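Novice: what's the 3D shape of this:
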Amino acid sequence: MSAWIDRILREFPADLSRFWIACDPDDLLLDERLLHSLRERGFEVLPFDDSVAFRTEYEERYRAAWDRGQSGSQKALVLQLRGTDLNVLPWDYIRDGRKVSLGLADLFPKLSYSVVLQIDPEHHEALFQAHNLRASRKRRGVGTLRRGP
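Specialist: Numbers count the residues shown, from 1 in each chain. Got it, this is the predicted structure:
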């Protein structure tokens, strides 16, 4: 698995919660490799596009099964919020859900968000590796100029 996918999956520890709220303004969770990896770990991602449709799915398919302790109800649900404003969600989701922020600005804190946003998603992994390499070199002091006395 790639460092890019691993970094995002690290936000979802398997036994921490059944209900997650992922603030994902850049649709990172829609990457097929990431969706596949999340499913393998027992997570299902459901976009929050229509509050009534989401509520119906959540109540009938997930919460009711969790409340009854049904077998197969061990799957965790990730509400994918295409934005960062939690106030658009019902209060019980905010109360019950574990919040995660997955924006490009969070994953590339040293880079300009407006520039990273223009990069095609298929290049995010290579950019992430370069970003981490540069950060680790900087921490070690490699490639920095030092002035003598």
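Novice: Which stretches in the chain count as strands?
Specialist: Taking DSSP state E, the strands of the chain run over residues 19-23, 43-47, 76-81, 98-101.
Novice: Including distance to residue 122 and mean neighbour count, could these go into TSV?
Specialist: (Each C-beta comes from the backbone N, C-alpha and C, glycine too.) Listed next are the strands of the chain as TSV, based on distance: least, CB to CB, whole Å; neighbours: other CB atoms under 10 Å:
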stretch	distance to residue 122	mean neighbour count
strand 19-23	21	21
strand 43-47	20	17
strand 76-81	20	22
strand 98-101	22	16
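Novice: so what's residue 78 bridging to?
Specialist: residue 20, residue 45 (DSSP bridges).
Novice: Kindly provide the distance from it to residue 4.
Specialist: To residue 4, residue 78 is 18 Å away according to CB to CB, to the nearest Å.
Novice: Kindly report the same for residue 69.
Specialist: With CB to CB as the criterion, residue 69 and residue 4 are 36 Å apart.
Novice: These two: who's more crowded?
Specialist: Remark: of residue 69 and residue 4, residue 4 carries more neighbours, 21 against 8, as counted by other CB atoms under 10 Å.
Novice: for the closest residue in space to residue 22 that isn't next to it in sequence, what are its contacts?
Specialist: Distances taken as CB to CB, 6 or more residues apart in numbering put residue 100 closest to residue 22, at 4.9 Å, once the chain neighbours are dropped. Residues near residue 100 by CB atoms under 8 Å, 6 or more residues apart in numbering: 11, 12, 20, 21, 22, 23.
Novice: Show me where the chain has its helices.
Specialist: With DSSP state H as the criterion, the chain has helices at 3-9, 32-40, 51-57, 64-68, 91-96, 104-107, 113-116, 124-140.
Novice: what comes up buried for the fourth one?
Specialist: Using 16 or more other CB atoms under 10 Å as the test for burial, helix 64-68 gives 65, 66.
Novice: what's the most buried one of the helices of the chain?
Specialist: Of all the helices of the chain, helix 104-107 has the most neighbours on average by mean count of other CB atoms under 10 Å, namely a mean of 19.
Novice: If anything else comes up later, I'll come back, but that's it for now.
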